[in-house]
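Novice: here are the coordinates; sequence isn't available:
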């Protein structure tokens, strides 16, 4: 029995990988024009549930692991709930008084008390660092192993491993993880998964719901021999519910200059629309 429990994480990861590879992969070289027009390099992987098709631009890159940056907040929130680091998604954590800025301007949403919900909405890094410290290295590693998240490497510090440390995940693995979250089949409580599904709602319209999270990793694009000179990596991951169907997606791009960052969302939504995930404007 002990041996069985030891093997469970590997079995979960194998099932997820098998499901991913069982789907038909359809390359979309025509998406290259949209990337070129946006002046960014990257990949987009979309699993269209209705047709069991993996739509992809640059399949090799879709399988290449990168630092997850703030997309890890989705996993971190699950751990926070099930370890009791917070009582629920609205449990406030006091601001530590350190002024944090974006683009040189203090960010009012960060410089106040936050909760899992507000921290997800405004990508409040310090909040999720605090709940990771409350969970602790041992419990965090245990959950990472149980879920088979990315390369399972949380070296680099309990409040840094997804920002500057050893954790890596591919677009393919992001999609597999999100499918399990949407279906409630991750090894977390049903309550934790329901809470995280709620707080990841990024946008909703009359005919769609978009669950999503952005991420931005400094010098994490791994596109230079000297890592300190690499571009930043930008993520946009999630899923769309529309017309009784679901599309799971993961995009990452190299961010050479700050203004490239907006393309994560703009480009992903544009290409998702071509697949029917959003109504044509």
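Specialist: Structure's in. What do you need? What you see is a predicted model; the values in this text were computed from it and never measured.
Novice: List the residue ranges of the stretch 51-200 of the chain that fall below the pLDDT cut-off.
Specialist: Counting by pLDDT under 70, the stretch 51-200 of the chain contains no low-confidence segment.
Novice: Once you drop chain neighbours, what's closest to residue 74?
Specialist: Of all residues not flanking residue 74 in the chain, residue 213 sits nearest, at 5.5 Å (Cβ to Cβ, 6 or more residues apart in numbering). Quick note: C-beta positions are derived from backbone N, CA and C, even for glycine.
Novice: Partner strands of the helix or strand where the one you found lies and their direction?
Specialist: Here residue 213, judged by DSSP states H and E, is contained in strand 208-217. Using DSSP bridges, the strands paired with strand 208-217 are strand 201-204 (antiparallel), strand 232-242 (antiparallel).
Novice: returning to that earlier point: which residues does the residue nearest to residue 74 bridge with?
Specialist: Assigned bridge partners for residue 213, using DSSP bridges, are residue 237.
Novice: how many neighbours does it have?
Specialist: Using other Cβ atoms under 10 Å, the number of residues around residue 213 comes to 23.
Novice: What of residue 280?
Specialist: 6.
Novice: And it, how far from residue 141?
Specialist: 45 Å (Cβ to Cβ, to the nearest Å).
Novice: next one: residue 37
Specialist: Between residue 37 and residue 141 the computed distance is 42 Å (Cβ to Cβ).
Novice: Please apply the same query to residue 74.
Specialist: Distance from residue 74 to residue 141, by Cβ to Cβ: 18 Å.
Novice: higher neighbour count, the two?
Specialist: Each of residue 74 and residue 141 has its neighbours counted (other Cβ under 10 Å); residue 74 has more, 25 against 16.
Novice: Does residue 209 touch residue 198 like I think?
Specialist: No - when contacts are counted by Cβ atoms under 8 Å, residue 209 is not listed as touching residue 198 (10.6 Å).
Novice: just to revisit the earlier point, please give the centre-to-centre distance between the strand holding residue 213 and its chain.
Specialist: Centroid displacement of strand 208-217 relative to its chain, using Cα atoms, centre = their mean, to the nearest Å, is 7 Å.
Novice: do stretch 188-195 as well
Specialist: Counting by Cα atoms, centre = their mean, stretch 188-195 comes out at 17 Å from the chain centroid.
Novice: And for residue 259, the neighbour number?
Specialist: Neighbours of residue 259 using other Cβ under 10 Å come to 9.
Novice: Kindly apply the preceding question to residue 181 instead.
Specialist: If we define neighbours as other Cβ under 10 Å, then residue 181 has 24 of them.
Novice: ok, it - contacts?
Specialist: Listed by Cβ atoms under 8 Å, 6 or more residues apart in numbering, the contact partners of residue 181 are 74, 78, 193, 196-197.
Novice: So it belongs to a helix, correct?
Specialist: Yes - judged by DSSP: H, G, I helix; E, B strand; the rest coil, residue 181 forms part of a helix.
Novice: what's the nearest residue to residue 214 if we skip its chain neighbours?
Specialist: Counting by Cβ to Cβ, 6+ apart, the residue nearest residue 214 is residue 236, at 5.5 Å.
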